[in-house]
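S.K.: dropping a prediction and its sequence here:
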Amino acid sequence: MSSLQDVARLAGVSATLVSRYINGQKGVSERSKQKIVEAMRTLNYRPNAIARSLAKRRTHTIGIVMDTLCEPYFFPLVTGLEDASDDTEYDLVFCSGRNNVGVKQNAVRYFTQGRADGVIFYGSRLDDETIIQSLAGQGFPFVVVENTFPALGINNISLDNAFGSAAAVDHLISCGCKRIYHVGGDMQHRVSIDRQNGFIYAMQRHGTIVNSGMLIQADFDVHGTYRIMKEYLAGKRAADLPDALYCGSDNTAYGAIMALEEAGIHVPGDIMVVGFDNDNPPREYDYAPLTTLSQPLHEMGRRALEILIEQIENPDAPAQKIAYYPELIVRQTTLPKA
């Protein structure tokens, strides 16, 4: 195995100069660089990553902390992060928080104790705020994706959920719906609150004041929502039902549709449904393909990594806040009324 000294001898320069080049330090002429590169190529020399990290005080590692790594819904985000890292010197280490704030705190602590140069934190749970405030106080490079903290001057990639709610309501009204209700996702998540508030504002814009009876509280779980909707529908007359549901997630929508169809209420003939997330249906779902709102998760992941690397390499760079917009995808759970 070739050594740094072997490279120096073949290039005809000092070992110190080779070390300076490898670690990206100044004081290496263009001619010397060419000699060193050629010698490294000839000898198939690979710099010691640990030694480089010590010299540059960098690990060239980025920690990714997510609520879970098991949901296929998140795969485009993961792919976006990986694609953005391909042309960089940085390696990614993914950590599942298992939807537990304590597990996520431990992961962030692990990464910030010299094991990573920065952290990307994905999720929108309200109880994540203590973790984000702690990170902001440390001055450690990080980017928050999905959650929003307007009072903190931090790097933030988010989705305009209110825009998505407005698009859903506008679409349902264009289909001729007049009694639109909202089936909320897990209200322990910022996105659920934002989507519900967006629904309320959009309905007001169309001249309808939303009352509590138009808000059905469910969660992000298909089977949990199914049970909640079964209870909601019990004893209801057809005249008491809405003609459309805007749901806080696709899983929420799938659970609602399963309960509706089981009760003999057909989608979209009796009630139209719009979801959010463009997620895959569960295996037991055998009804109309869902009209939904799709997030540009691949682009959000790619941009998050780019922003983080910018801050790692230029600590004085100002924080960046970027909002993306969901796209309405019309399928068969909505259709214009005759």
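M.R.: Received it, and whenever you're ready, just let me know what you need. These numbers were taken from a predicted model, which means no experiment stands behind them.

S.K.: every contact and neighbour count from this point should use C-alpha atoms.
M.R.: Will do.

S.K.: the chain: strands as residue ranges?
M.R.: Per DSSP state E, the chain carries strands over the ranges 61-66, 91-96, 118-123, 142-146, 155-159, 180-184, 215-217, 244-247, 272-274, 292-294, 321-324, 327-329.

S.K.: and stretch 260-278, how far from the chain's centre?
M.R.: 27 Å (C-alpha atoms, centre = their mean, to the nearest Å).

S.K.: for it, buried residues please.
M.R.: Going by neighbour count (16 or more other C-alpha atoms under 10 Å), the buried part of stretch 260-278 is 260, 265-268, 271-278.

S.K.: name the residues that touch that stretch?
M.R.: 73, 168, 172, 229-230, 233, 242-253, 257, 288, 290-295, 332-335 (C-alpha atoms under 8 Å, 6 or more residues apart in numbering).

S.K.: check stretch 86-95 too.
M.R.: So stretch 86-95 is contacted by 60, 61, 62, 63, 64, 65, 66, 69, 82, 85, 107 (C-alpha under 8 Å, 6+ apart).

S.K.: show me which of the contacts of stretch 260-278 are buried.
M.R.: By 16+ other C-alpha under 10 Å, the contacts of stretch 260-278 give 168, 172, 229-230, 233, 242-253, 257, 288, 290-295, 333-335 as buried.

S.K.: okay, now the unreliable bits of the stretch 201-338 of the chain?
M.R.: Along the stretch 201-338 of the chain, segments meeting pLDDT under 70 span 338.

S.K.: the helices in it, which residues?
M.R.: For the stretch 201-338 of the chain, helices defined by DSSP state H, counting those that start in this stretch occupy the ranges 222-233, 250-262, 297-313.

S.K.: buried set for the shortest one?
M.R.: So the one you mean is helix 222-233. 222, 223, 225, 226, 228, 229, 230, 233.

S.K.: what do you get for the last one?
M.R.: Under the neighbour-count criterion of 16+ other C-alpha under 10 Å, helix 297-313 has 297-305, 307-309, 311-312 buried.

S.K.: repeat that for stretch 171-178.
M.R.: Buried, per 16+ other C-alpha under 10 Å, within stretch 171-178: 171, 172, 173, 175, 177.

S.K.: which of those fall in helices?
M.R.: Among those, the ones falling in helices (DSSP state H) are 171, 172, 173.

S.K.: just to check, residue 79 is in contact with residue 298?
M.R.: Yes: the criterion here is C-alpha atoms under 8 Å, and residue 79 meets it with residue 298 at 6.4 Å.

S.K.: picking up where we left off before, closest one to residue 112 among the helices of the stretch 201-338 of the chain?
M.R.: With C-alpha to C-alpha, the closest approach to residue 112 among those belongs to helix 297-313: 12.9 Å.
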